[in-house]
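J.: fold the following and give me the result.
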Amino acid sequence: MATFTMALKDVIEVQPSILTDTLAHYPIFDEGYRDHLNQQFLDQFWNQEIGQETIDLFQLALKRKLNQVMPIYNQHYRISQIKFDPLQTVNVKNVSALTGNTVSAGDSTSDSTSDAKSRAVAQQMPQTMLSDNGDYATSAQDNVSNTTAGGTASESSTVDQKQDTTNATTGFQGNPAMMLLQYRQSLVNVDMMILDELKELFMLIWANGDEFTPRRFGYGYFGYYG
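T.: Numbering: from 1, shown residues only. Purely as a prediction, here's the structure:
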């Protein structure tokens, strides 16, 4: 039973637009997570008395607070979703690529000329003079030849080459137990951080059964009233 104002459950019963308006439109990193976070809020403060004099003031304060704090906590949610290996401190990747194109072309020309002359002479006694220079021969044969050769050659070649190389180095440096300890210390419950921000909207006290509501002749403090 509420003592000073109204419990959240009674506020929602009187003004359900808190669920369909205030809790349905604050910024959130993933719409699929809204129902979960809203339920966390209701479970945490269901029996707590609001810290404002009227329901409208509470609804306004709740909307203002959520719009103020959720942008930064949405970043916390996104960071918490990053998946990584806490025992991996080294991750080096080297990528190299080699692409080449080689073109070669050549022309060659060759020419050759040869001349040859030979004489075969046979003689027997007595001889027959062949000429005035005193050559004598029974028989003679002269051979004369002339040879000309030429050639042209062309050569062309193309070579394409491509090479990709990837080298990766992974692992960790340091004490793995200390690394795990640091990782555990970095873990946070973002839901609880948001609920802690919303505490200021509630009285955060428990009723003790005393009456503080106005009576006809004064206040019913400690049960006494006129």
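
J.: quick one, helices of this structure?
T.: Per DSSP state H, the chain carries helices over the ranges 8-14, 17, 23-25, 34-45, 55-80, 176-186, 190-197.

J.: need those in JSON lines (columns: mean pLDDT and distance to residue 107).
T.: Quick note: C-beta positions are derived from backbone N, CA and C, even for glycine. Below are those laid out as JSON lines (pLDDT from 0 to 100; distance: least, Cβ to Cβ, whole Å):
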{"stretch": "helix 8-14", "mean pLDDT": "94", "distance to residue 107": "95"}
{"stretch": "helix 17", "mean pLDDT": "93", "distance to residue 107": "92"}
{"stretch": "helix 23-25", "mean pLDDT": "95", "distance to residue 107": "82"}
{"stretch": "helix 34-45", "mean pLDDT": "96", "distance to residue 107": "79"}
{"stretch": "helix 55-80", "mean pLDDT": "95", "distance to residue 107": "68"}
{"stretch": "helix 176-186", "mean pLDDT": "67", "distance to residue 107": "69"}
{"stretch": "helix 190-197", "mean pLDDT": "95", "distance to residue 107": "77"}
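
J.: make CSV out of those and add mean neighbour count.
T.: Formatted as CSV, the helices of the chain follow (neighbours: other Cβ atoms under 10 Å):
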stretch, mean neighbour count
helix 8-14, 16
helix 17, 12
helix 23-25, 15
helix 34-45, 15
helix 55-80, 15
helix 176-186, 11
helix 190-197, 15
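
J.: between those helices, which one is nearest to residue 151?
T.: When the helices of the chain are compared by Cβ to Cβ, helix 176-186 sits nearest residue 151, at 76.2 Å.

J.: alright, that wraps it up for me.
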